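**Q** Model the following, please.
(one chain, ligands or ions: 1)
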Amino acid sequence: MFISLEGPDGSGKSTQVQPLAEYLSREGYTVFTTREPGGTTISDQVREVLMRLDNRSMYPRTETLLFCAARAQLVEEVIRPRLQRGEIILCDRYADSTLAYQGYGHGNDLQILQQLLDFATGGLWPDLTILFDIDAIAGLNRRKVGGGEWNRLDDYQIAFHQRVRDGYLTMAHKDPKRWAIVNADQEIEKVQVDLRRLVLERIKTARS
Ligand code: TMP
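**A** Modelled structure (predicted):
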């Protein structure tokens, strides 16, 4: 089963992945965790180009294609083979990030992006996508206070991040069979409790 975790910057999803993976392993599942952009040697190299603060002259279409390139490699090298072995993949961001950031955020045509993403992923979309929902400003503040990596994309204006958050909500409401929303604006432990309940329920339904 392929599960992706999505959300605006500072939504806390990366903090939640590992405890969720450990919990699912204890429940007897074989779990593999990865993240985007990255997860393979080649994809990590592309990530470096995307995140560098001095690459400010990068155009939105360049950015889009680089995200897709990193993803194409991750799908073939890691995700597809592991899914074929029956593992649960937890992916910290996936193709919906491109729709949210490069589509809703930058205003690239959503239909063209969809085609590009189908090409990059070979048509592989998650069985379940969890949206860690948080107000864009609250998320960015968390990120600043948390002292984690501040990258080129965090540096975009607040209106961009608001479009990203609204875009996520639009996608989640359009396709509730694939998407589930978690309120990320709560204490870490509470978010983890909600997440575990939701994921376990969906895995059991998918495997019954
Ligand atoms: P993160 O590792 O903190 O999630 O940072 C990744 C950044 O890249 C984040 O700002 C979201 C952005 N991003 C896109 O704009 N498009 C994409 O397709 C992906 C995977 C990430």
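**Q** Show me the shaky parts of this structure.
**A** By pLDDT under 70, the weakly predicted segments of the chain are 147.
**Q** Just want the most central residue of this protein.
**A** For the chain, the residue sitting closest to the mean C-alpha position, by Cα atoms, centre = their mean, is Arg93 at 1.5 Å.
**Q** Contacts only, for it.
**A** Ser4, Leu5, Glu6, Lys13, Arg35, Glu36, Pro37 (Cβ atoms under 8 Å, 6 or more residues apart in numbering). Backbone N, C-alpha and C define where each C-beta goes, glycine included.
**Q** Let me have those in JSON lines, adding neighbour count as columns.
**A** Shown next, in JSON lines, are those (neighbours: other Cβ atoms under 10 Å):
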{"residue": "Ser4", "neighbour count": "24"}
{"residue": "Leu5", "neighbour count": "29"}
{"residue": "Glu6", "neighbour count": "25"}
{"residue": "Lys13", "neighbour count": "25"}
{"residue": "Arg35", "neighbour count": "19"}
{"residue": "Glu36", "neighbour count": "20"}
{"residue": "Pro37", "neighbour count": "25"}
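**Q** Which one of the residues you listed is nearest to Arg163?
**A** Glu6 (14.7 Å; Cβ to Cβ).
**Q** partners of the closest one in the sheet?
**A** Leu131 (DSSP bridges).
**Q** distance of it from the ligand?
**A** 9 Å (Cβ to the nearest ligand atom, to the nearest Å).
**Q** now swap in Gln157 and tell me
**A** Taken as Cβ to the nearest ligand atom, the span from Gln157 to the ligand is 13 Å.
**Q** how long is stretch 125-139 end to end?
**A** Taking Cα to Cα, to the nearest Å, stretch 125-139 runs 26 Å from one end to the other.
**Q** Show me which residues of the chain are close to the ligand?
**A** Within the chain, the positions near the ligand by Cβ under 6 Å from any ligand atom are Asp9, Glu36, Pro37, Phe67, Arg93, Ser97, Thr98, Tyr101, Gln102, Asn151, Leu153, Asp154.
**Q** Just the buried residues out of those residues, in PyMOL syntax.
**A** Entered in PyMOL, the line below selects the buried ones among the residues of the chain next to the ligand, by 16 or more other Cβ atoms under 10 Å:
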select buried, resi 9+36+37+67+93+97+98+101+102+153+154
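**Q** ok, which pair from the residues of the chain next to the ligand is furthest apart?
**A** Farthest pair in those (Cβ to Cβ) is Thr98 and Asp154. Separation: 16.9 Å.
**Q** So for Asp44, what's the nearest residue that isn't a sequence neighbour?
**A** Gly38 (4.9 Å; Cβ to Cβ, 6 or more residues apart in numbering).
**Q** before we move on, what about Leu110?
**A** Counting by Cβ to Cβ, 6+ apart, Gly103 is the residue found nearest to Leu110 once chain neighbours are left out, at 4.8 Å.
**Q** With Gln162 instead?
**A** Spatial nearest neighbour of Gln162, chain neighbours left out: Ala136 (4.5 Å); criterion: Cβ to Cβ, 6+ apart.
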